[in-house]
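1. Kindly generate the corresponding structure for this input.
(chains A and B, ligands or ions: 2)
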Amino acid sequence: MTIRAFGDTAVLTGRSLRHIVRSPDTIITTAVMPIAFLLLFVYVFGGAIDTGAGSYVNYLLPGILLITVASGIAYTAYRLFLDLKGGIVDRFQSMPIARSSVLWAHVLTSLVANAVSLIVVVGVALLMGFRTGAGVSSWLAVTGILTAFTLALTWIAVVAGLSAKSVDGASAFSYPLIFLPFISSAFVPTETMPGPVRWFAENQPVTSIVNTIRGLFAEQPVGDDIWTAVGWCVGILVVAYGCSAMIYRNRVS
Amino acid sequence: MTAETAIRVRGLRKSYRDVHVLRGVDLDAPRGSVFALLGSNGAGKTTAVRILSTLLTADTGTATVHGFDVSAQAAEVREVISLTGQFAAVDEILSGRENLVLVARLRHLKNAGGIADELLARFALADAGRRRVSTYSGGMRRRLDIAMSLIGKPPVVFLDEPTTGLDPEGRMEVWRTVKELARGGTTVLLTTQYLEEAEHLADRIAILHEGRIIANGTLAELKQLMPAATVEYVEKQPGLEEIFLAIIGTAGGGREAARDGAAASDWKGRR
Ligand SMILES: Nc1ncnc2c1ncn2[C@@H]1O[C@H](COP(=O)(O)OP(=O)(O)OP(=O)(O)O)[C@@H](O)[C@H]1O
Ligand SMILES: [Mg+2]
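-> Numbers count the residues shown, from 1 in each chain, chains lettered A, B, ... in the order given. Ligands and ions are numbered 1, 2, ... in the order given. Predicted coordinates for the structure are as follows:
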């Protein structure tokens, strides 16, 4: 049964990866906005932002990576919505396959697509002077955190795709997620913010994740931030996964 | 009893809030037969098909396919059915061949490529097989859609308005396919608004109206429902359309009669 579920998921993942290969513009458009932010903040605003020692591009990159993921997952919601609307999900669900494989295929595809976008953005950052002495274990930790973050956000995208009533609705949910890093430690140190904003910035998920990645790249101790970051990712993942499963099941009633 | 019955429905009810779509539907489709479910727009044909293909659960009542209950044994039901929904469910970005290979793989069949090529040839899609489906005409899409449903040779096939939107040639092709399936022992349940289609294809016809089956039987049986006077007056045998109108005239109430009249003349226009 579970072996079958893996097989079905693999076949359906192959299908949606093919969609991405045939419209590579989805990868490009995902990467364009974060790259624009990177250019804007490093070359325009960056000079006026005091982040202490170190180059601003090093300071900025972790937040930009999270923005990349937040804009990338909009396509997952969009593709899922189109599948539901076009009736192909009905076709799959009337076939003897594991029903969960339909969602997992979109989730795995999202991981692959976001990984490619992230690599593109890191490449641009390297050209702009981003440098890190991070070793293999630090890179693995960064990869792990970004994967967990992508998974968590992707399941939010699945909720959006399952419950959207229109194409616009299926991607609009990602705007607040893209905006969230602006009220965090991603662009400027939180110490400069007024009281309530600072409190929000320091206690929302992005700050702990950004601080962790920044610490790993800078070869500095990450302290408790990494556990807060992992806790947020796992928490969001569990809640969003639960909601998706419930909505998906209730569609058949 | 169930050995010969492919599809058995008893007292099926389904409402969407205050819209009572199915109000106690009973029907039996013998194995290897072509069963036509006939009804006007909004009669509940698609709702019934979705319940039978495990995409929707009924409020009350039972439905079994090959002896498997559609809600309690949904996985077993899915092993023996295939669904061609009212609107073509194909992947636009993939080619026709890739669509067929995809379904063959999901059905865990060996030689998915060979199966795909064979179906492309059979449905006159061989030349377009490697083109993206987004470039297909409506008729080509529908043919691909039906071809996808035949992969794995499921013994029960649901076709929801398979010929709507097809030109006469395309319709003849679908009709030929349905007859071929029936000859091979497949049970076909199709819904249609075309009386002519039911008359031409079906062994048994059920008319769904206001949530109930108001007539059910072979074409010959339905013909006996015609008022005798009309049969004597008209020289030719009455068509299904006349039978339908005669039944509706007695079964439907005043308010509904006007709507049905409009629907019926719409059918005439299409023929
Ligand atoms: N999800 C839904 N929510 C609310 N009402 C619905 C829903 N699905 C169908 N209905 C209603 O149920 C009734 C029957 O719909 P159904 O699609 O089964 O009819 P049909 O016989 O297939 O019609 P058509 O010939 O137009 O395809 C219609 O009045 C429709 O508006
Ligand atoms: Mg319908």
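2. those strands in the chain, which residues are they?
-> No chain specified, so I'll use chain A. Taking DSSP state E as the criterion, chain A contains no strands.
3. I was thinking of chain B, sorry if that wasn't clear
-> For chain B, the strands defined by DSSP E occupy B:5-16, B:19-30, B:34-38, B:60-65, B:68-69, B:81-84, B:156-160, B:187-192, B:204-209, B:212-217.
4. Reformat these as a markdown table; add mean pLDDT.
-> As requested, the strands of chain B are exported to a markdown table (pLDDT from 0 to 100):
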| stretch | mean pLDDT |
| --- | --- |
| strand B:5-16 | 93 |
| strand B:19-30 | 92 |
| strand B:34-38 | 94 |
| strand B:60-65 | 94 |
| strand B:68-69 | 95 |
| strand B:81-84 | 95 |
| strand B:156-160 | 95 |
| strand B:187-192 | 95 |
| strand B:204-209 | 92 |
| strand B:212-217 | 88 |
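5. give me the residue from chain A nearest chain B.
-> When scored by CB to the nearest CB, chain A has residue A:87 as its residue closest to chain B, at 3.6 Å. (Glycine included, C-beta is placed from N, CA and C.)
6. residues in contact with the residue found closest to that residue once you drop the neighbours it is linked to in the chain?
-> Here the nearest residue to residue A:87 in space, its sequence neighbours aside, is residue B:89; by CB to CB, 6 or more residues apart in numbering or on different chains that works out to 3.6 Å. Neighbour list for residue B:89: A:86, A:87, A:88, A:90, A:91, B:145, B:148 [criterion: CB atoms under 8 Å, 6 or more residues apart in numbering or on different chains].
7. now swap in residue A:115 and tell me
-> Residue A:115 makes contact with residue A:150 under the criterion CB under 8 Å, 6+ apart.
8. what's the answer for residue A:158, then?
-> With contacts defined as CB under 8 Å, 6+ apart, the neighbours of residue A:158 are A:76, A:77, A:80, A:103, A:106, A:107, A:240, A:244.
9. Do you know the pLDDT at residue B:229?
-> pLDDT, the model's per-residue confidence, is 47 for residue B:229.
10. Give me the pLDDT value at residue 76.
-> Answering for chain A, as no chain was given. Predicted confidence (pLDDT) for residue A:76: 94.
11. ah, no, chain B please
-> The model reports residue B:76 with a pLDDT of 93.
12. likewise the one 3 residues further on?
-> At residue B:79, the model reports a pLDDT of 93.
13. you'd agree it is up against residue A:97?
-> No: between residue B:79 and residue A:97 there is no contact, the gap being 10.6 Å when judged by CB atoms under 8 Å.
14. Which one of these two is surrounded by more residues?
-> Using other CB atoms under 10 Å in any protein chain shown as the criterion, residue B:79 and residue A:97 rank with residue A:97 on top: 23 against 17.
15. where do the helices sit along the stretch 1-150 of chain B?
-> B:45-52, B:74-80, B:96-106, B:112-122, B:138-150 (DSSP state H, counting those that start in this stretch).
16. tell me the domain boundaries of chain B?
-> Taking automatic domain parsing as the reference, chain B has its domains at B:5-226, B:231-271.
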